[in-house]
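J.: This is a predicted model, with the sequence first.
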Amino acid sequence: MKRKLISALISASLAFTGLAHAQAPKAAAAPAGKLSNDTLKIGVLTDMSGLYADFGGPGAVLAARMAVEDFGGKMFGKNIEVISADHQNKPDVAKNLTQQWFDRDNVDATFENLNSGVALAVTALGKEKNKLTVVTGAASSRLTNDSCQPGTAIHWVYDTISLANVVGNAVVKAGGDSWFFLTADYAFGHSLEKDTGDVVKASGGKINGAVRHPLNATDFSSFLLQAQTSKAKVVGLANAGGDTVNSIKAAAEFGITKSQNLAALLMLITDVHALGLNTAQGLYLSEGWYWDMNDENRAFAKRFEARNNGKKPNMNQVGVYSAVSHYLKAVRAVGTDDTTPVVKKMEEMPINDVFAKNGKLRPDGRMVHDMHLFLVKKPSESKGPWDYYKHMGTVKGEDAFQSIEKSQCPQFKKG
Amino acid sequence: MSLSKTGVLYIAVLALACAAPFIGGYPLFLMKCLCFALFACAFNLLIGFTGLLSFGHAMFFGMAAYIAAHSAKVWGWTPEVAIIAATLGSAALGYVTGWLAVRRQGIYFAMITLALSQMVYFFCVQAPFTYAEDGIQSVPRGKLFGVISLADDRVMYYFVLAIFVFGYWMIHRIIHSPFGQVLKSIRENEPRALSLGYEVHKYKLLAFVLSAALAGMAGATKALALGLATLTDVQWQMSGEVVLMTLLGGMGTIAGPVVGSTIIIAMQNYLSGFGSWVTIIMGATFVVCVLAFRRGIVGELQHFLKSRSNKA
């Protein structure tokens, strides 16, 4: 009775001391927070063995584990669990697994979710079950536009619009003012070509032409000859995955890279590593993170590669680390793993970690942070493995990503 | 005597299937198993009972999934109408494909079906209504006959179970009908069937259309149960997977494909925690199956039981 009285007095006095003071004791009292089912479980759903295994895969799972370890491994005295699964790039497997995670295994949030088919299925499911789904690896800008799920789905690392903005804008500024597009002939390629082309024109460049190639093409010679005769300074590769790799290889064989620069719209350092500098040199690409940019990044990459067979992380994997860390901080701050308040808190807190500086999570689920343009070095310029990029410029987050005013997300659509 | 024994077995399995969601089975997973089981059974009708190896069955499965998803999501059709429309669509596609393919045999037959299914695949990549690599997502399950809401997983499960039982019963009927006997005779010896006066082409074509329609029914049901239709369903890998399911369970046995598909789906789902090992384990299983028990699981079991009763 007496104790109750005292605590009532204390809380009353705290209430009077105003907001600034009340915040501090709240944070200190946070370890007494409550978790649903008494656990905090994080699921990492990715492609472990297929086409995108280097894009996310085991490295993404490791990044999530590292985030949990760096956080201390415990939330309110309970162990934080990380479970992972291979969706084999099958959206139906992904949906089945995730729903099982939410319904039976008490998973509180899932991360990674690469492959846009998978990402769209999983984010829709998250909305239905009111669980947080964070997408890092998928590129589709639909995730924050017509298929947005504000409040439960977050798109952390990049999207097709930001890639188009950064590559289009910064390459023109770096002198590449005439473009020719090599485009995969389906919706994704078309939209990438259109988005980038618009940016190029807006930045003062011109488009010399474009050629469409079928999806999963093997022979790029005739397309590349057209690119060569176009005399454009930059050949933009509006394709993805195996098509990008094959077109870069073929371009190197044709000697196109001697007179023209390639600009890949979707490519990461792990892909450059797989191709080798001989083939990939002179290629423009955009990433949000590179290990050799500052000491903090180098230190993180060193810790990461020691546990990842000597492979440095790409922006997607560091993005997973960042997203998981931010999520854990938010859970600690609000003292619950309830999705709605946690997401609110994630939006309130600026994101400052190894991945992003002053990153901001918008209410439509878009995480806004700076993006960089890189040029792949010549073999002679490289000091060794993983020394691949020359930094060509940084695009501020608000210029790189689509503004919320332009969003097609029904909840934020203007007019 | 043996017939009643199988009858009892069927009833027991059906009772188990009805009780499954209440004794620990996860409804969404069970639905997926049933859809793929029906797909494999439809495929088995062709390879196991007619002796035709189609390497393009994914086109019927996937196209039906797209038709059902589109008609349920965009046009707002009720689930049963969407499934019927998709089944008819697949049957029509099966008629065109079959009409071309049954003129050739063996590897040529397989290649024609593969080529046509690749054409369907590229159509799905290009067509705007399929959303290419994103797929048609968030397909509503709708209300059965406009009345019963299927949003609950358990309700949907019984709907899927009913469709599966209907499909399985159809296949059972087809195989045990005089028409089915003719199909088997074609499988055993086509020239002899021809010389007996059967119009072999017509029989093969009808079997092909029936198989395509049932595969379509499975695909359409899957699209509604999982709420999505994507390129994975029309890809050639899916055609390969259904061959694997059928071989693993037992080609030419009516229950084999059900067993085979359940094992494959369970592996995809429950081994996914092993990461990159899933595909290796699946490959190894296939190798062991082909080397050690070529009749498939159910086929070997039947053979074992038969040889034991012969001895007795």
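T.: Cool, the structure landed.

J.: OK, contacts around the residue nearest the centre of chain A?
T.: In chain A, the C-alpha nearest the mean C-alpha coordinate belongs to A:V157, at 2.1 Å (C-alpha atoms, centre = their mean). Counting by C-beta atoms under 8 Å, 6 or more residues apart in numbering or on different chains, A:V157 makes contact with A:T136, A:G137, A:G288, A:M315, A:N316, A:G319, A:M367. (C-beta placed from N, C-alpha, C; glycine too.)

J.: ok, 10 Å please
T.: By C-beta atoms under 10 Å, 6 or more residues apart in numbering or on different chains, the contact list for A:V157 reads A:114, A:134-139, A:287-289, A:314-320, A:322-323, A:355-356, A:367, A:369, A:371.

J.: and what of A:K329?
T.: If you count contacts by C-beta under 10 Å, 6+ apart, A:K329 has them with A:F71, A:V342, A:K345, A:M346, A:M349, A:I351, A:D353.

J.: Report pLDDT for A:H87.
T.: The model reports A:H87 with a pLDDT of 91.

J.: all strands of the stretch 151-300 of chain A, in order?
T.: With strands called from DSSP state E, counting those that start in this stretch, the stretch 151-300 of chain A shows them at A:153-155, A:178-184, A:206-213, A:234-238, A:261-264, A:283-287.

J.: Counting neighbours, what do you get for A:I248?
T.: Here the number of neighbours of A:I248 (other C-beta atoms under 10 Å in any protein chain shown) works out to 25.

J.: Could I get the phi/psi values of residue 144?
T.: Using chain A. With angles defined as degrees, to the nearest 10, A:T144 sits at phi -120, psi 10.

J.: could you do chain B instead?
T.: phi -70, psi 130.

J.: and it, how many neighbours?
T.: Number of residues near B:L144 (other C-beta under 10 Å) recorded here: 16.

J.: for chain B, longest helix please?
T.: Counting by DSSP state H, the longest helix found in chain B is helix B:200-226.

J.: quick one, the helix or strand that that one is followed by and helix B:200-226 angle?
T.: Once the chain leaves helix B:200-226, the next helix or strand it forms, by DSSP states H and E, is helix B:236-249. Computed by axes from the mean of the first three to the mean of the last three C-alpha atoms, to 10 degrees, the angle separating helix B:236-249 from helix B:200-226 equals 100 degrees.

J.: Buried ones in helix B:236-249, by neighbour count?
T.: The neighbour-count criterion (16 or more other C-beta atoms under 10 Å in any protein chain shown) identifies B:M238, B:S239, B:E241, B:V242, B:V243, B:L244, B:M245, B:T246, B:L247, B:L248, B:G249 as the buried residues of helix B:236-249.

J.: which ones are touching the third one?
T.: Put plainly, it is B:E241. Residues near B:E241 by C-beta under 10 Å, 6+ apart: B:36, B:39-40, B:57-58, B:61, B:232, B:235, B:261, B:264-265, B:268, B:282.

J.: The second one now?
T.: By C-beta under 10 Å, 6+ apart, the contact set of B:S239 is B:43, B:54-62, B:110, B:113-114, B:117-118, B:121.

J.: Please spell out which residues along stretch A:37-54 are buried.
T.: By 16+ other C-beta under 10 Å, the buried positions in stretch A:37-54 come out as A:39-50, A:52-54.

J.: Contacting chain B as well, which ones from those?
T.: When C-beta under 10 Å from any C-beta of the partner chain is applied, the members of the buried residues of stretch A:37-54 adjacent to chain B are A:L45, A:T46, A:D47, A:M48, A:S49, A:G50, A:A53.

J.: re earlier: nearest to A:P385 among the strands of the stretch 151-300 of chain A would be which one?
T.: Nearest to A:P385, of all those, is strand A:283-287, at 17.2 Å by C-beta to C-beta.

J.: Show me what from the stretch 51-200 of chain B comes close to chain A.
T.: Going by C-beta under 10 Å from any C-beta, the residues of the stretch 51-200 of chain B near chain A are B:65, B:121-122, B:124-128, B:130-139, B:151, B:153.

J.: Select from the residues you listed every entry located in helices.
T.: If you go by DSSP H, those have B:A65, B:Y121, B:F122, B:C124, B:V125, B:Q126, B:D153 in helices.

J.: Stretch A:273-287 near chain B at all?
T.: No: shown here: stretch A:273-287 not in contact with chain B (C-beta under 10 Å from any C-beta), separated by at least 16.3 Å.

J.: Over to that stretch now: how far is its first residue from its last?
T.: The straight-line separation of the ends of stretch A:273-287 (C-alpha to C-alpha, to the nearest Å) is 14 Å.
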